[in-house]
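Colleague: Quick one, fold the following:
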Amino acid sequence: MRKKILYSIIFFSIITFILSFYFPGPKAQNSVIVQFVARNGYGNNMYIDNVSFGNRPGKDVAVTSINNIPKDTIYLNSLYSYYISPQVNVTNFGTETSDTNAILIMEIKSVSYRSVDSIKTISPGQTKVLTFDSLLMSPGMTYDILVYINPSIPDSNAYNDTLRQTSVILKGEYRNVLVEEFTSMTSPSCASNNPALDKYIDSNFQYICAVKYHLGFPSPGIDSLYLTDTLSQKQRANYYYVYSVPTTLLDGKLSLPLPYILDTNFAKPFYSRFSIGTPLSIEVSDSRLPGDTIQAAINIHLGHTLASNNLRLRIYAIERYKTYNTSPGTNDEKDFYDIFRRAYPDSGGILISNISGYYQYTYKYHRDSTWTDSLIYTLAFVQDDNTKEVLNCAKARHTTLYHKNVNNIKSNQTYRKADIDKRIPGIHKSNIIDHKDSLIQSNFSFEGFEGPFPPVGWSILNPDVGFTFEKLNGYNGPTLGGVNCVKVPFYDYPNIGEKDTLLSLVFKDISPLDTFKFDYSYAQYLSNYIDSLVVSMSTDNGETFVPIFSEGGVYMATSPATTLSYAPTSTTQWVTYIYPMSAILPFSPIRPIPATYKLYQNYPNPFNPKTNIKFDLPNNVYVSLKVYDILGREITTLVNEKMTAGLHIIEFSPTNFSSGIYFYRLIAGDFTEVKKMVFIK
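Modeller: Numbering: from 1, shown residues only. Predicted coordinates:
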């Protein structure tokens, strides 16, 4: 009899093992961080979009972004309030058309604002823009914006139905835009692009402060304007990591794409800077003193105390125009504008206060005998050396100088990529596995880059503070609808070999049965300009990363090579990369899912110094676990997040608590239960 029982136990154990192998139970959950490492080869642009884990649910409508109200601090470029009609993006992440009338509500309690709009239908992957009632924006106000979808509509994921944003509006000043170009008399690309740039500066001279630094490359490097002050101009190029000409920066933040002949390549970046306010105003005036001396008077009004303590006032002598009978270089240029002559006291500038107030600076400098007195003026700007952003600028000259070359651009010019100073060999293709899709899963984590950039919880590592990952409007990957993606501007990024990193937030509840996906698009420039992308994952909170995608050059290309600045114009120029998480995540032992909610008595109890609180969850649900004192006052929060179904154990180690009776309350969906525990010191 005993042998029969023993054989029966062995038999059923074997059957149970086989069934568990072929029919696994609930998935093990993990946390994953993703990093995108882009290595620059000065090739062509790359685009990334729609990063996701898992398969899309049937019904999932989400609030994805507030389009026209920036987050954090906003400086109004006016002394007055203004009205704006808030616009919000709503995206259908699901695979089914949402034909229920989805009602969206925007609330801002600080100004008693509430507006309602609705969407009748929205197709899978589609993004729609909703416009709410006009909102009065006033300086000195904080706007805690809440946008949410009426919870009555069917939706499998309620956690992306709400979007919160805080915007602080401060009174600001009108902005002038600093245009810094690095150029050379020996660069054919400069010769073809400079006339268009000069024309745009001339047309907007009232709002632009321009400076042209001359550099000693490409070969033969015989630029006479560079040789007059080699040190300062090289220091400024090194400050921005500039290794190509022409390179043009706006306010130290935006790089102008080539060719400059395309008006949109200048106009859009210019107005994106000109339209926003700034915390300070600056005025500059020049006086001629005896002995070929120029005295510059600079008045700065800093309206708000700033966090940065590394603000620099930079003062330049600029010569508006110089012409030659014959080209002094090798590219046939004869006319030169806004020439950098000197930096005072040097290219490092003067450290100034970040405390709000009025500041006056007077600086005297000698006019060199080779400069034309009537064309010399002072340019001054305040720059945050922590971020390299120029906060505002001003100049002592307000009249333009017209010349036939500024207004007559040759129509047959060949516009080409910038000429570079040096070459660093690119990298070659790495071996990867052509992974296939894996099994279905229940959770869906997604980032479509439709909101603020970088997204909440994401970060960018940019060692040279040069070009890097940036949000681009007007282009979108094919996986899901939208109007934005991420661009890496390799085409205009001359710092060859630079590696920039886009680091994700911690994606939670990732299973070995999930799939990871992202869209990307890339075209090669020339075969010896090799850019690359490496995508890696960490399952240990960022301690180590495992590469899952590594491509470069022609092997990364999704579109034919082009010597023009590349941008995808159709879905066929994108590729969706798919990676099974089973290749990196282990299958963990399976525990049965509880049938009901249950809160257990803590153990040990009484306790000192710590105890464990255990509870069962039959479903994935948002959980709140809090501790209260005997008077019912909340003492601490142990859990306040979405948790997966299963058994959970939370360790509680009170600090600075008095001995006595405490209560812990679990809220999970509609379930609520309270239990008592005793802490003894």
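Colleague: Let me see the backbone angles for the closest residue to P478 other than its chain neighbours.
Modeller: Sequence neighbours aside, T571 is the residue nearest to P478 in space, at 4.1 Å (criterion: C-beta to C-beta, 6 or more residues apart in numbering). In this view, the C-beta of every residue, glycine as well, is placed from N, C-alpha and C. T571 adopts backbone torsions of phi -70, psi -20, taken as degrees, to the nearest 10.
Colleague: Equivalent analysis for K395, please.
Modeller: phi -140, psi 160.
Colleague: ok, it - contacts?
Modeller: Going by C-beta atoms under 8 Å, 6 or more residues apart in numbering, K395 touches C209, V284, I318, Y377, T378, L379, A380.
Colleague: The fourth one and I315, how far apart?
Modeller: Think Y377. The gap separating Y377 from I315 is 12 Å, by C-beta to C-beta, to the nearest Å.
Colleague: Among the contacts of K395, which lie within helices?
Modeller: The helices, defined by DSSP state H, take in nothing from these.
Colleague: and those as a markdown table, adding distance to S658?
Modeller: Shown next, in a markdown table, are the contacts of K395 (distance: C-beta to C-beta, whole Å):
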| residue | distance to S658 |
| --- | --- |
| C209 | 64 |
| V284 | 64 |
| I318 | 70 |
| Y377 | 72 |
| T378 | 68 |
| L379 | 65 |
| A380 | 61 |
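Colleague: Going by distance to N462, which of those wins?
Modeller: C209 (25.6 Å; C-beta to C-beta).
Colleague: Just grab the bridge partners of that closest one for me.
Modeller: Beta-bridge partners of C209, counted by DSSP bridges, are L178.
Colleague: what residues are up against it?
Modeller: C209 touches N176, V177, L178, V179, L379, F381, C393, A394, K395, counting by C-beta under 8 Å, 6+ apart.
Colleague: Pull up the gap between it and A38, please.
Modeller: 32 Å.
Colleague: Would you map the strands across the stretch 1-150 of the chain?
Modeller: Secondary structure of the stretch 1-150 of the chain (DSSP state E, counting those that start in this stretch): strands at 30-39, 46-53, 61-66, 72-76, 82-84, 87-92, 102-108, 113-119, 127-131, 135-137, 141-149.
Colleague: E543: which of those strands is closest?
Modeller: Shortest separation from E543 across the strands of the stretch 1-150 of the chain is recorded for strand 30-39, at 9.8 Å, computed as C-beta to C-beta.
Colleague: what sits up against that closest one?
Modeller: Contacts for strand 30-39 (C-beta under 8 Å, 6+ apart): 46, 48, 51, 53, 427, 469, 488, 490, 497-512, 516, 531-539, 541-542, 545, 552, 581, 585.
Colleague: Try it again at 6 Å.
Modeller: For strand 30-39, the external contacting residues (C-beta atoms under 6 Å, 6 or more residues apart in numbering) are 488, 499-504, 506-508, 510, 532-539, 542, 585.
Colleague: Sitting in strands, which of those do you find?
Modeller: 488, 499-504, 506-508, 510, 532-538 (DSSP state E).
Colleague: Give the buried subset of those residues as a ChimeraX selection command.
Modeller: Only the buried members of those end up in this ChimeraX selection, burial being decided by 16 or more other C-beta atoms under 10 Å:
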select :488,500,501,502,503,504,507,508,510,532,533,534,535,536,537,538
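Colleague: quick one, what contacts F607?
Modeller: Going by C-beta under 6 Å, 6+ apart, the list of residues near F607 is empty.
Colleague: Show me just the buried residues among the contacts of K395.
Modeller: Counted by 16+ other C-beta under 10 Å, the contacts of K395 give C209, V284, I318, Y377, T378, L379, A380 as buried.
Colleague: Do a quick rundown of the helices in the stretch 151-300 of the chain.
Modeller: For the stretch 151-300 of the chain, applying DSSP state H, counting those that start in this stretch gives helices covering 188-203, 224-227, 230-239, 263-274.
Colleague: ok, and for the third one, which residues are buried?
Modeller: By neighbour count with 16+ other C-beta under 10 Å, helix 230-239 contains the buried residues S232, Q233, K234, R236, A237, Y239.
Colleague: residue contacts, the first one?
Modeller: By C-beta under 6 Å, 6+ apart, the contact set of S232 is A343, S347.
Colleague: S281 contacts H301, doesn't it?
Modeller: Yes: the criterion here is C-beta atoms under 6 Å, and S281 meets it with H301 at 4.7 Å.
Colleague: Which one's more surrounded, the two?
Modeller: Neighbours around S281 and H301, counted as other C-beta atoms under 10 Å, are more numerous at S281. The numbers are 20 against 15.
Colleague: State the distance from the residue nearest to the more buried one when sequence neighbours are not counted to N619.
Modeller: In this structure, S281 finds its nearest non-sequential neighbour in E173, 4.1 Å apart by C-beta to C-beta, 6+ apart. Distance from E173 to N619, counting by C-beta to C-beta: 54 Å.
Colleague: next one: A196
Modeller: Using C-beta to C-beta, one gets 62 Å for the distance from A196 to N619.
Colleague: do N50 as well
Modeller: In terms of C-beta to C-beta, N50 sits 28 Å off from N619.
Colleague: who has more neighbours, these two?
Modeller: N50 (24 against 14).
Colleague: Check the separation of the first and last residues in stretch 163-178.
Modeller: The first and last residues of stretch 163-178 sit 35 Å apart, counting by C-alpha to C-alpha, to the nearest Å.
Colleague: in it, what's buried?
Modeller: Within stretch 163-178, the residues that count as buried by 16+ other C-beta under 10 Å are L163, Q165, S167, I169, L170, K171, G172, E173, R175, N176, V177, L178.
Colleague: Next step: these restricted to strands.
Modeller: Those of these lying in strands (DSSP E): L163, Q165, S167, I169, L170, K171, V177, L178.
Colleague: so how far is V111 from the closest residue to the second one other than its chain neighbours?
Modeller: By that I understand Q165. Residue nearest to Q165 in three dimensions, not counting chain neighbours: I145, with 4.6 Å by C-beta to C-beta, 6+ apart. Distance, I145 to V111, using C-beta to C-beta: 10 Å.
Colleague: neighbours around T330, how many?
Modeller: Residues within reach of T330, counting by other C-beta under 10 Å, total 18.
Colleague: Surely it forms part of a strand?
Modeller: No: using DSSP: H, G, I helix; E, B strand; the rest coil, the secondary structure at T330 is coil, not a strand.
Colleague: wait, what's in contact with the closest residue to it other than its chain neighbours?
Modeller: Leaving aside its sequence neighbours, T330 sits nearest to T186 (C-beta to C-beta, 6+ apart; 4.7 Å). Contact partners of T186, counting by C-beta under 6 Å, 6+ apart, are P218, G221, G329, T330.
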